[in-house]
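[1] The amino acid sequence is not available; the structure is as follows:
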């Protein structure tokens, strides 16, 4: 009887260890999936692929984006898609986007990423532009796929002048 209890105890410890191990693997896998999502976004953005850009966002009216430029918010994927159409028309020249110091964390079916978004290129008149913004994405895992459900983009403001600091690196 004592040996049966000992075997059961050992089995329970092994099962707990396996369960803990698989739980600790899931967030790493989720983070990898979100990293791939953000890479897909950057690849599509740098290629000016509007469908690719929008593929990382939830495709319905639940999407909320607080963008750095007016209006103060976009509600729904269709509204945000129109914003990207305007950006592409205003900046038809080449551009380059990258995420800097991007950190990702998840808990269950929710996650978030935050860091800096560097974006630069030329406008329709050939004038160079270069901005660095703060950005936060909120992700939800829907039907096994991570999508951005909320995005917030902003930049620091010099309170003395009321002007945006578009190039802040720190």
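    Nice, I can see it. Just so it is clear, the model here is predicted, and its values are computed rather than measured. Numbering: from 1, shown residues only.
[2] now stretch 72-87: mean pLDDT?
    The pLDDT scores in stretch 72-87 average 95.
[3] low pLDDT regions in this structure?
    Low-confidence segments of the chain, defined by pLDDT under 70, are located at 1-26, 169-170.
[4] what ranges do the strands span in it?
    Defined through DSSP state E, the strands belonging to the chain, from first to last, are 64-66, 74-75, 95-107, 110-122, 128-142, 145-154, 157-158, 163-164.
[5] Between strand 145-154 and the fifth one, find me the angle.
    Computed with axes from the mean of the first three to the mean of the last three CA atoms, to 10 degrees, the direction of strand 128-142 lies at 140 degrees from that of strand 145-154.
[6] count of neighbours near residue 105?
    Taking other CB atoms under 10 Å as the neighbour definition, residue 105 ends up with a count of 14. (C-beta placed from N, C-alpha, C; glycine too.)
[7] Residue 115 contacts residue 98, doesn't it?
    No. In this structure, residue 115 sits apart from residue 98 without contact. The criterion is CB atoms under 8 Å, and the distance is 10.1 Å.
[8] Name the residues contacting each of the two.
    Common contact partners of residue 115 and residue 98 (CB atoms under 8 Å, 6 or more residues apart in numbering): none.
[9] Just grab the bridge partners of the residue minimising distance to the centre of the chain for me.
    Of all residues in the chain, the one closest to the mean position by CA atoms, centre = their mean is residue 137, 4.1 Å from it. Beta-bridge partners for residue 137, by DSSP bridges, are residue 113, residue 151.
[10] Would you mind confirming that it makes contact with residue 150?
    Yes. Here residue 137 reaches residue 150: they are 7.3 Å apart, a contact under CB under 8 Å.
[11] Find the residues that touch each one of these two.
    Both residue 137 and residue 150 lack any common contacting residue under the criterion CB under 8 Å, 6+ apart.
[12] circling back to that earlier point, let's have the strands of the chain in CSV, adding distance to residue 39.
    Conversion of the strands of the chain to CSV gives the following (distance: least, CB to CB, whole Å):
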stretch, distance to residue 39
strand 64-66, 20
strand 74-75, 23
strand 95-107, 9
strand 110-122, 12
strand 128-142, 13
strand 145-154, 12
strand 157-158, 30
strand 163-164, 28
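[13] so residue 147 bridges to which residues?
    The bridge-partner assignment for residue 147, based on DSSP bridges, gives residue 140.
[14] what about it, how many neighbours?
    The burial count for residue 147: 21, using other CB under 10 Å.
[15] That one against residue 54, yeah?
    No. Under the criterion of CB under 8 Å, residue 147 makes no contact with residue 54, lying 10.5 Å away.
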